[in-house]
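Undergrad: Predicted model and sequence follow; I will ask about them next.
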Amino acid sequence: AADKINVIPQDFLAELCEQIIQHLNHTSPGVNTAELCQRIQTSGIEINIGDLAKIANILSFLFSTAARNSLSTEELVSTLGSAVSSLPKHAVQVIRHVWNEQGRSICVSEDARDAVTVGQFVDMKWKLGVAMSSDTCRSLRYPYVAVTLTVADPSGQITDKSFEMTIPQFKNFFRQFKEMASVLETV
């Protein structure tokens with residue numbers, strides 16, 4: 001991944017680092033590598049989402065480890081210089097700048113880290129549809145609910161999970177949400 005960091009322009013790398021810091025501070029649910037990757041590709045840079053996700057994971061590990069060890073900016077940079085010889089100069093400059101500006105704000109409490117190990121809900125979109133026909137049935141008129149959940153996994157990568165439900169499945173889904181809401185009101 002260190003060779004792929006060479007192709008990422010400073011402004012995009014800085015944005016990625018800032019999103020990671022926000023995620024580590026629990027002020028954002030995660031890092032939207034898909035959206036950032038698309039913007040980098042639109043600017044004419046060739047990079048795939050898998051490589052960008054690896055870079056995000058490495059930077060997240062770097063920042064969280066530096067926070068856990070209470071490293072100063074100079075300690076972080078000297079550690080980077082001795083440990084990673086293939087890291088490009090512009091990347092070290094971006095990491096130095098972001099850490100200097102925002103690094104000390106990273107919270108490292110054990111409770112906060114444990115709370116994020118299962119991922120986090122970001123958004124939900126739904127639509128009601130009707131399947132009119134298929135290649136095997138001319139007249140279906142079959143209603144369904146399509147749901148897309150946006151979630152951030154524990155490393156902060158944001159992904160969409162889509163699924164469809166029949167109307168009886170949706171009614172069961174809704175009933176379970178109502179049960180959760182009533183239990184939450186008693187807490």
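TA: On my side now, so go ahead. Owing to the predicted nature of the structure, the values given are computational and were not obtained by experimental measurement. Numbers count the residues shown, from 1 in each chain.
Undergrad: Could you chop this protein up by domain?
TA: When the chain is parsed with the TED database, its domains come out as 1-115, 121-185.
Undergrad: just the ones you listed: most buried one?
TA: Ranked by mean neighbour count, those are led by domain 1-115 with a mean of 16 (mean count of other C-beta atoms under 10 Å). From N, CA and C alone the C-beta is placed, and that goes for glycine too.
Undergrad: Give me the below-cutoff pLDDT ranges for this protein.
TA: 1-2, 82-86, 107-118, 154-155 (pLDDT under 70).
Undergrad: How about the residue nearest the centre of it: which residues does it bridge to?
TA: Centrality entry for the chain: nearest residue to the mean C-alpha point is Gln157, 2.6 Å, by C-alpha atoms, centre = their mean. For Gln157, the residues forming beta bridges with it (DSSP bridges) are Val31.
Undergrad: Surely it and Val31 touch.
TA: Yes - A contact is recorded between Gln157 and Val31 when judged using C-beta atoms under 8 Å, the distance being 6.3 Å.
Undergrad: who touches both of those two?
TA: Residues within reach of Gln157 and of Val31 at once, by C-beta atoms under 8 Å, 6 or more residues apart in numbering, are Ala56.
Undergrad: Could you report the distance from the residue nearest to the centre of the chain to Gln19?
TA: 11 Å (C-beta to C-beta, to the nearest Å).
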